[in-house]
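turn this into a structure:
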Amino acid sequence: MRSGRFGTYWNKTETFEALRDYINMNFNGLKDSVVGLLAGVRKKIDIGTFANDMTSLETADDVLTLLIHLGYLGYDPVLEEVYIPNTEVATEFVNAVKSAGWDEVVRAVKNSEDRN
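Alright, predicted model coming up:
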């Protein structure tokens, strides 16, 4: 802070690698969910199936619930919906899907940004 230089170092952490790995798993519907979240759409999920560990992931909702725990997604308990909480996290999702080979997702996000 004293130098006046600020940057994001979050993507150099182990949790970023976890995000990429879970997105690469591409459970049924996970890809569509990530695309919707990147577009600003909230997604209703069932957090009740989550086994509270990083190895017993059986559904897209389990992965999204884990991403809530890791801080990559926000959760609205009243509406039972997840969302991407800020631009920094959205950027990390784009980086993760880019490295996952989801080229069509990256193109869609870029096209959306170009229109804005």
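
so which helix or strand takes in the spatially most central residue of the chain?
Nearest residue to the geometric centre of the chain (C-alpha atoms, centre = their mean): F93, 4.9 Å. Assigned by DSSP states H and E, F93 belongs to helix 87-99.

and the helices in the protein?
For the chain, applying DSSP state H gives helices covering 14-25, 30-38, 60-69, 87-99, 103-115.

lowest average pLDDT across these?
Of all those, the minimum mean pLDDT falls on helix 103-115 (a mean of 63).

so how far is Y72 from L79?
Using C-beta to C-beta, to the nearest Å, L79 is found at 18 Å from Y72. (C-beta placed from N, C-alpha, C; glycine too.)

comparing the two, which residue is more hemmed in?
Using other C-beta atoms under 10 Å as the criterion, L79 and Y72 rank with Y72 on top: 25 against 10.

name the nearest residue to L67, sequence neighbours excluded.
Nearest in space to L67, with sequence neighbours left out and distances taken as C-beta to C-beta, 6 or more residues apart in numbering, is L73 at 4.6 Å.

how many other residues sit next to the one you found?
Neighbour number of L73 under other C-beta under 10 Å is 23.

wouldn't it be in contact with I84 here?
Yes: at 6.5 Å, L73 counts as touching I84 under the criterion of C-beta atoms under 8 Å.

what is in contact with these two at once?
L37 (C-beta atoms under 8 Å, 6 or more residues apart in numbering).

how far away is P85 from G40?
Remark: distance between P85 and G40 (C-beta to C-beta) = 12 Å.

state the distance from the closest residue to R20 other than its chain neighbours to N86.
Nearest residue to R20, sequence neighbours excluded (C-beta to C-beta, 6+ apart): A96, at 4.4 Å. In this view, A96 and N86 are 15 Å apart by C-beta to C-beta.

which of the two has more neighbours?
The neighbour comparison of A96 against N86 (other C-beta under 10 Å) goes to A96, with 22 against 9.

test my guess that the residue nearest to the centre of the chain contacts L37.
Yes: the pair F93 / L37 is scored as a contact, 7.1 Å apart, by C-beta under 8 Å.
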